[in-house]
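> coords below, sequence missing:
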């Protein structure tokens, strides 16, 4: 049965893995997000997790292997294509472009916030880690058909999209604005919920101006 991934911590808690392995992952996520990957040592992860470095290397070949294990589920579910559940929710929106963009912006921003520590790790690594970048690009290629079926076709059926807009252009417009706003609200200027919603509404308006006829 297909599961909709929402929260990395819930994934950790429900995954069938040894307690020590989970503790190492939780400690690594917390430290990587606060200190950066390069600024965190396995000794610090061991101390924060209550496990020995020997235990860490029992489960993970290297610190980079640990990083990849943390980011894999996030990369798998970052795009709104985890299938039937998202498509069902999208189809329940009134079939006009404004309502569908509202749902996509709210849903993806919520996903980023729920997984903010891991997302900040991913964003930082995308700038410097070629393997992570390749993994993300490969995932985009892998899910292209699913995205077109679940998201792009319903948007096109509204008849409100610009004729010259393609999938890649749509993703650039939407993803860049949501991620930048996420970074702003989580790292640059922490805002209250009311202010965040005002900002999200402004993003929706900006996206609509860029993609509608």
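Cool, got the structure. Remember, it's a predicted structure, so these values are computed and weren't measured experimentally.

> For this structure, which segments are assigned as helices?
8-14, 19-35, 42-49, 53-59, 63-77, 84-91, 97-114, 116-126, 130-142, 144-147, 153-157, 167-183, 193-211 (DSSP state H).

> what's the burial count for the closest residue in space to residue 135 that isn't next to it in sequence?
With sequence-adjacent residues excluded and distances taken as CB to CB, 6 or more residues apart in numbering, residue 135 is closest to residue 75, at 5.7 Å. For glycine as for every other residue, the C-beta is placed from the backbone atoms N, C-alpha and C. For residue 75, the count of nearby residues is 17 (other CB atoms under 10 Å).

> Go ahead and confirm residue 75 touches residue 140.
No: with contacts defined as CB atoms under 8 Å, residue 75 does not count as touching residue 140, sitting 9.6 Å away.

> returning to that earlier point: residues touching the residue nearest to residue 135, list them.
Residue 75 sits next to 122, 132, 135, 136, 139 when contact means CB atoms under 8 Å, 6 or more residues apart in numbering.

> Neighbour-wise, give me the winner out of those.
Greatest neighbour count in these, by other CB under 10 Å, goes to residue 122: 24 neighbours.

> how far away is that residue from residue 51?
Here residue 122 is placed at a distance of 24 Å from residue 51 (CB to CB, to the nearest Å).

> now the helices of the chain in JSON lines, with mean pLDDT?
Shown next, in JSON lines, are the helices of the chain (pLDDT from 0 to 100):
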{"stretch": "helix 8-14", "mean pLDDT": "68"}
{"stretch": "helix 19-35", "mean pLDDT": "89"}
{"stretch": "helix 42-49", "mean pLDDT": "95"}
{"stretch": "helix 53-59", "mean pLDDT": "92"}
{"stretch": "helix 63-77", "mean pLDDT": "84"}
{"stretch": "helix 84-91", "mean pLDDT": "70"}
{"stretch": "helix 97-114", "mean pLDDT": "90"}
{"stretch": "helix 116-126", "mean pLDDT": "88"}
{"stretch": "helix 130-142", "mean pLDDT": "86"}
{"stretch": "helix 144-147", "mean pLDDT": "80"}
{"stretch": "helix 153-157", "mean pLDDT": "91"}
{"stretch": "helix 167-183", "mean pLDDT": "92"}
{"stretch": "helix 193-211", "mean pLDDT": "95"}
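
> quick one, what contacts the residue nearest to residue 46 when sequence neighbours are not counted?
The shortest distance from residue 46 to any non-neighbouring residue, by CB to CB, 6+ apart, is to residue 53 (4.7 Å). Residue 53 makes contact with 42, 43, 46, according to CB under 8 Å, 6+ apart.

> Which of the residues you listed are buried? Put it as a PyMOL command.
Applied in PyMOL, the following selects the buried portion of these according to 16 or more other CB atoms under 10 Å:
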select buried, resi 42+46
